[in-house]
Each structure stands twice: as C-alpha cells, then as structure tokens.
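1. no sequence on this one, just coordinates:
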C-alpha cells in the first residue's frame with residue numbers, strides 16, 4: 001500500500017463516518033495496533049471502498065449483511081453508522097437484516113437489528 005492509498009483511505013472514511021469522527025476512529029484502530037490502523041485506512045478505505053461499480057450505499061448494505069452474518073459486532077455497528085451516512089434508509093437496513101435472517105439465521109438478524117436500533121436511537125435527537 002502506498003502513502004497515497006493510505007491518505008485516500010483516511011479521506012474516504014472521513015466522508016463515511018464524518019469529519020468529526022475520523023480521528024476517534026483512527027485512534028480506536030491505533031490503540032489495537034498502529035499497523036492495523038494503517039492497513040484499515042489504506043487497504044479497506046483506500047483500495048476497497050473507493051472501487052468503482054458499486055455506490056457507497058450499496059457497498060454499505062452488502063457490508064452490513066456480511067458482518068451481521070459473521071457476527072462481527074464491532075465492525076457491524078461502525079458499518080451501520082456508515083450505511084446511514086452513505087444514504088441507506090433505516091427501512092433498507094431492516095430489509096437487509098431480514099435477508100440475513102434467511103441466509104445466516106434469525107439470531108444473526110436479531111443481533112444486527114439490535115445494533116441498528118442503538119445506532120439509530122443515538123443519532124435521533
């Protein structure tokens with residue numbers, strides 16, 4: 001990964017989580033490992049989320065479905081927030097979790113719906 005991809009990833013994540021949240025997100029990853037933060041920003045943000053052919057809303061819904069199916073709750077909560085920032089509606093997230101229920105189980109969908117409810121409640125004044 002190049003420094004350019006790393007910087008592009010930081011900018012991409014800033015658009016998805018908000019300029020006011022990017023530093024906290026990066027610090028959260030850095031606390032685990034500085035190399036992990038660099039990999040997430042550069043590879044996930046700079047290479048994957050910037051690819052063509054899927055808009056950010058669609059990419060977010062796919063990510064939410066996969067993370068819910070795998071039970072990756074930390075990343076799921078982050079991606080629910082990003083999905084909402086990327087234009088997904090709450091109703092679309094609910095439908096995504098119904099789809100998860102069929103292919104990965106109702107327990108996975110329930111976990112996802114509970115995470116979604118927490119995020120939506122936090123974001124609603």
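-> Sure, I can see it. All values derive from a computational prediction rather than experimental measurement.
2. doesn't residue 83 make contact with residue 119?
-> No - counting by CB atoms under 8 Å, residue 119 does not reach residue 83; the two are 9.2 Å apart. Where you see a C-beta, it was placed from the backbone N, CA and C, and this is true even at glycine.
3. comparing these two, which residue is more hemmed in?
-> residue 83 (27 against 20; other CB atoms under 10 Å).
4. which pLDDT value goes with the more buried one?
-> Residue 83 carries a pLDDT value of 98.
5. what's downstream of whichever helix or strand it is part of, the next helix or strand?
-> Per DSSP states H and E: residue 83 is located in helix 73-85. Later in the chain than helix 73-85, the nearest helix or strand by DSSP H and E is helix 90-104.
6. against which helices or strands is whatever helix or strand comes next after that next one packed?
-> Next along the chain after helix 90-104, taking DSSP H and E as the criterion, comes helix 106-123. On a contact count with 3 or more CB pairs under 8 Å, 6 or more residues apart in numbering; DSSP states H and E, helix 106-123 meets helix 56-70, helix 73-85, helix 90-104.
7. now helix 106-123: buried residues?
-> Of the residues in helix 106-123, 108, 109, 111, 112, 113, 115, 116, 119 count as buried by neighbour count, 16 or more other CB atoms under 10 Å.
8. identify the residues contacting that helix?
-> Among residues not part of helix 106-123, those counted as contacts by CB atoms under 8 Å, 6 or more residues apart in numbering are 64, 68-69, 71, 73, 76-77, 80-81, 84, 90, 93-94, 96-98, 100-101.
9. same thing with stretch 66-80?
-> Applying CB under 8 Å, 6+ apart, the contact partners of stretch 66-80 are 17, 25, 60, 63-64, 93, 96-97, 100, 103-104, 108-109, 111-112, 115-116, 118-119.
10. go with 7 Å
-> 60, 63-64, 93, 97, 100, 103-104, 108-109, 111-112, 115-116, 119 (CB atoms under 7 Å, 6 or more residues apart in numbering).
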